[in-house]
Structure formats: structure tokens, C-alpha cells
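**Q** let me see the structure of the following:
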Amino acid sequence: MADLRYDPYDVEINRDPYPVFRRLREQQPLYYNEELDFYAVSRHADVQRGLKDNQTFISGRGGILELIKAGIEMPSGIVIFEDPPTHTIHRRLMSRMFTPKKVAALEDRIRAYCAEALDPLVGADRFDFVRDLGAFMPMRVIGMLMGVPDEDQDRIREQVDANLRTEAGKPMEVGESLDLSQDMFAEYVQWREENPSDDIMTELLNAEFEDVDGTMRRLTRDELLTYITVVSGAGNETTTRLIGWMGKVLAEHPDQRRQIAEDRSLIPNAIEELLRFEPPAPHVGRYVAEDAEFQGQTVPAGSAILLLVGAANRDEAEFPDGERFDIHRDTAGHLTFGYGPHFCLGASLARLEGRIALDEILNRFPEWDVDLTDARISPTSTVRGWETMPAVIR
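**A** Next comes the predicted model:
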């Protein structure tokens, strides 16, 4: 076991982490990386416990290893990096954006955005799942929800993506504070303040809530900008990666792709299986607030721990034959959207976008092969996926 090594920044491991994940589950379900000073758990039950127990495994020091190790203070409003009671208050505010009624009402717009991206490619012999669709549709949807003009969304998406990029093989650079480049939304907030509309910005500008100390107030300008920046990043990056994996995995399983093309009722579970099989965020970081025991060993308070979602999603104890992609399997229990208090607020929107994207792709391009010689994986320590996933249309 001395040769068993997991490094989240290792380019070769990141290209295909699943052989290492499997060895971790089997040989070192509680793993310690001495060089980088972090622990990792890989079995489904342990990852689920880490996600659920927000008293022991806290988010307030950041959910990314680099942030946890830096020990910096998180700005108010980063819901994914908060703990109760603040997290409870801010989450309740954000949940207003993603009610089932609001999400369901987006279907026609999402289909229109897919058509806008895909229709010009009909008759061509190639298209790119990421560049032609994944980088376009999710940002259009989030931009529309927030009230950002279409002509400005590409610039904002590029800025949001740049915030997550790292140099290949190296961790994210972290300064003395977390810079979310909020300035890119400041002008829109100012404009919306003077020109209210039916969008997230207007709703958040006017939302009143009871703070921790019992006072009623509205969000400060900095909190509002942080909210919007977080929603833009979360709503764009992960769904973009899902669409990239959709192209690759379904090309590698053409029989199952043909089944979906012939019976579109299979699409919802196919999306769930894609999310289980290739989660866009393969690990989540937590700060260990008090001593915790895993597999008969103690993880001391003050440690950083990675909860390996990508490993847990293939745990044979939870998903029999978990290394196999199967659109017919029972996918209940996958941890791609988290679990417990931090379960992803945008999960229903991501699922809807994924289902519509797959349906619209199959309407136009039911058969494709991917060109992995020109595919490029994205260098980030937060999400795992493709910057390009070119396909040859058959």
C-alpha cells in the first residue's frame, strides 16, 4: 500500500481518478496525504456522513482544500462556504430562486437556447459538446434568471471560468482574502435597483430577512454581489461539465445511447446515471472542527478532509457493479449534488438542463463518436470535466 497515492492536483490521476479511488476504498478508506497534509474518505457511508454532519465537518473555512489550508475568512453570502445559523438564513433566501414552479417554467426557454446553439450545426460533420452547447446554454439560463443582458453573458462566463482555473498540476493560488471579482456584476445591480424586473437580482435587492441577532434587514451590496457571483459560477460550471461528460460517456456506450434515442422516457434516469458515473465535482473539502473517527482511526480536530464523491458514487456496497455505466440502474443515493444541509439548491435546474440538452442533441444528432485527440480536460482543483469535447457526427 506504500505506493498508493492520491493527489487532487496530479494531472495523470485527474485524467482518470477511478482506479485510485477504487484502491482507496478497498485498501485505505481513510487516507492521509502527509505531503499535502489532508485526509480523504472514499466509501459511500463515510462520504455521506461527512456531508451530513455539519457540526463536525464544517464548511465555514471553505469547501476547497486550498481555502481550508489557507485559513482565510470567508465573505458573507457564500452559502456553500457557510455554517448554521448564517447558512440556514442565506440558504432560505436563495431557495426562493429555485422553487419547483420557477424551474419548471424555464423549460421552453432552455429548449430555445439549445436550438439556438444546435440548429446552425445541422448538416455539419462535427460539433463540440462543450464549446457549442455546454459553454452557451447554462450561462444563458443563469443570465436570463439574473437579468444580465445576453450580449454581456459570454464575458461574464469567461470571467467566472477564469476564477476557477489553475495551472495544471498546481493548487489554486489563495491570497489573504477570497476575491470573487464581484465588480463584473456591480453595474447590473445598480441598474436593476433603478429598473426593477422579474429576476433574481430584483428579488434579492428587495428581500427582507431576520438575521442571526433577530433584526430584520436586507442584504448589503457586498452580500448581494457575492450571492450573484456564487450562483453564476455554480450554475454555469458544473452543468457545462455534465454536458461534456454526456458526449463522451454516451459515445462510449452507443447501445445505451440508441435505447435513449428510441425511448425518451429513459432520459431522466440516464442523466442521473451520468451524474453518478462522472460527477463534475469529484471531491468536497471540509474543515474538521472536532476529533472524528473513521475506520477505527482518529482524524484530529483542525485537519482538512476531502470527501471523495467520485469514489463514493462507485462504491460497490451502495451501487452493485458500480464501475459500470448503466442507464437502467437504481441511481438513488448518488452524492453528486451533496447530501444534508448543503444539498445543491440548483439540482433541479441542473437536472432539467441536462435532460433538455440530451433530448435536443438526440433530435438532431442521434449518432456520434468523440474525437479524444482534440479533447482537452479542464485544469481546476474544484471541478473535473472538459473544456472541449469534439464529436464526429455519423
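**Q** top helix in this structure by residue count?
**A** For the chain, the longest helix by residue count, based on DSSP state H, is helix 221-252.
**Q** what residues sit buried inside the following helix or strand past that one?
**A** Next in sequence after helix 221-252, counting helices and strands by DSSP states H and E, comes helix 254-262. Across helix 254-262, burial judged by 16 or more other C-beta atoms under 10 Å covers 256-257, 260-261. Any C-beta I mention is one placed from the backbone N, CA and C, and that applies to glycine too.
**Q** with stretch 317-325 instead?
**A** Neighbour counts over stretch 317-325 (16+ other C-beta under 10 Å) mark 318-319, 322, 325 as buried.
**Q** so how far is that stretch off the chain centroid?
**A** Centroid separation for stretch 317-325 versus its chain: 22 Å, with C-alpha atoms, centre = their mean, to the nearest Å.
**Q** go on, stretch 268-281?
**A** For stretch 268-281, the distance to the chain centre is 12 Å (C-alpha atoms, centre = their mean).
**Q** so which of the buried residues of stretch 317-325 is the closest to E273?
**A** Each of those was scored against E273 by C-beta to C-beta, and F325 proved nearest at 6.5 Å.
**Q** how many neighbours does the residue lying closest to P300 once chain neighbours are set aside have?
**A** Distance criterion C-beta to C-beta, 6 or more residues apart in numbering; nearest residue to P300, sequence neighbours excluded, is D291 at 5.7 Å. Counted with other C-beta atoms under 10 Å, residues neighbouring D291 total 12.
**Q** these two touch, right, D291 and Q297?
**A** No - in this structure, D291 is not within contact of Q297 by C-beta atoms under 8 Å, at 10.7 Å.
**Q** wasn't R217 part of a strand?
**A** Yes - counting by DSSP: H, G, I helix; E, B strand; the rest coil, R217 is located in a strand.
**Q** tell me the bridge partners for it.
**A** Beta bridges link R217 to F209, judged by DSSP bridges.
**Q** just to revisit the earlier point, got a list of what the residue nearest to P300 touches?
**A** 298-301 (C-beta atoms under 8 Å, 6 or more residues apart in numbering).
**Q** ok, now how distant is it from V41?
**A** Separation of D291 from V41 (C-beta to C-beta, to the nearest Å): 15 Å.
**Q** apart from its chain neighbours, what residue comes closest to the residue most central in space within the chain?
**A** What sits nearest the mean C-alpha location of the chain, by C-alpha atoms, centre = their mean, is T238, with 3.7 Å. Excluding its sequence neighbours, the residue lying closest to T238 (C-beta to C-beta, 6+ apart) is P280, at 4.3 Å.
**Q** now L335
**A** Closest residue to L335 apart from its sequence neighbours, by C-beta to C-beta, 6+ apart: V309 at 4.9 Å.
**Q** kindly report the same for G354.
**A** Closest residue in space to G354, ignoring its immediate chain neighbours: I271 at 4.3 Å, by C-beta to C-beta, 6+ apart.
**Q** so that neighbour sits in a strand?
**A** No - judged by three-state DSSP, I271 forms no part of a strand; its state is helix.
**Q** ok, it touching I356?
**A** No - contact between I271 and I356 fails when scored by C-beta under 8 Å: they sit 9.9 Å apart.
**Q** any weak-confidence spans in this structure?
**A** Within the chain, the segments meeting pLDDT under 70 span 1-2, 76-77, 153-184.
**Q** which residue ranges form the strands in it?
**A** Taking DSSP state E as the test, the strands found in the chain are 30-33, 38-41, 57-58, 126-128, 208-210, 216-218, 284-288, 292-294, 297-299, 304-307, 368-370, 376-377, 386-388, 390-393.
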